[in-house]
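J.: Provided below for reference: sequence and predicted model.
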Amino acid sequence: MDWFMSTGIRVIVIIAIAVAVYLICRPIIRSIIKRIVSHRMAGEDETEIQQRTDTLSSILVKIAGIIILIVAVITILPEFGVNITSLIAAIGIGGLAIAFAAQSLIRDFIAGFFILLEDQYEIGDVVSIAGIAGVVEDITLRRTVLRDLDANVHSVPNGKIELSTNMTKKYSRVNLNVSVGYGENLKHVIDIINKICQEMAKDPQWKDDFITTPSVLRVDKLGDSGIDIKILGDTKPAKQWAIMGELRLRLKDAFDREGIEIPWPHTKVYFGNAPTVISEN
């Protein structure tokens, strides 16, 4: 009875305080994360914002719970006569050893957390990370899984990602150069290109993939073999490659009908004149 009145009550109070701190931390963490995510994903679908908030909140709540549990245990142990000074020293040395051995893993987890927090990319996006391009198939705190065009699966540790390029974030873009011969009437060529782009944007098979109708931006380059004309237009995410392939096909057919030359490299070989032979009489 004496033990309970002295030590037992203190143990119960410590446990109660730990539980209360945990319960208070949960909504606070969730509120902070939701504010940050909503700011970074302004204009996005509310369901997606909610999913990302839930993911990040659950991670931080678990971390906070572990920290609170460790502090509570260390606080309770002296009530049972345990000398925690040597225990803390041992835990500290062991923790340093583990942290040193797992520093790459810790770096992966920290990088993965910020990838999720900043919404750099998500499952289904086409990205280039660590020199590898492909479709994102999975994201965890430790690694990102990509599948490339050859169907090879790459598992990239998040700590190795210094630069990520997302090619399908919110929208994509047709960025296409078409080359024609120097002898062509450029105004006529531009009219043909814009007409083909408009026809494709109205095609029932393709119109839903366009955000803006592609059109000629400028004469982009006076090349060695021909004149490059740049075409730009915005599309739904990941639709740009299929649209550019179909656009090339339609432009080739149109140029053939109009007699517009698509140049290719030419090489002229000059042998010079034959040397004059002077005969001796």
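T.: Nice, thanks for sending it over.

J.: is V11 in contact with T75, as I believe?
T.: No: judged on Cβ atoms under 8 Å, V11 makes no contact with T75 at a distance of 9.2 Å. All C-beta spots, glycine's among them, are computed from the backbone N, C-alpha and C.

J.: domain ranges for the protein?
T.: 2-101, 121-166, 172-258 (automatic domain parsing).

J.: what would the ones you listed look like in a markdown table with mean neighbour count, distance to W264 and mean pLDDT?
T.: Conversion of the domains of the chain to a markdown table gives the following (neighbours: other Cβ atoms under 10 Å; distance: least, Cβ to Cβ, whole Å; pLDDT from 0 to 100):
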| stretch | mean neighbour count | distance to W264 | mean pLDDT |
| --- | --- | --- | --- |
| domain 2-101 | 13 | 46 | 78 |
| domain 121-166 | 16 | 26 | 92 |
| domain 172-258 | 16 | 6 | 95 |
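
J.: in a markdown table: those domains, plus distance to F114.
T.: As requested, the domains of the chain are exported to a markdown table (distance: least, Cβ to Cβ, whole Å):
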| stretch | distance to F114 |
| --- | --- |
| domain 2-101 | 10 |
| domain 121-166 | 9 |
| domain 172-258 | 22 |
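
J.: could you pull out the strands for the stretch 151-281 of the chain?
T.: Ranges of strands in the stretch 151-281 of the chain, per DSSP state E, counting those that start in this stretch, are 153-157, 164-166, 172-180, 215-222, 227-235.

J.: got the contact list for the third one?
T.: It refers to strand 172-180. Strand 172-180 has contacts (Cβ atoms under 8 Å, 6 or more residues apart in numbering) with 186, 189, 193, 214, 220-221, 223, 225-240, 243-244, 247-248, 251, 255, 260-263.
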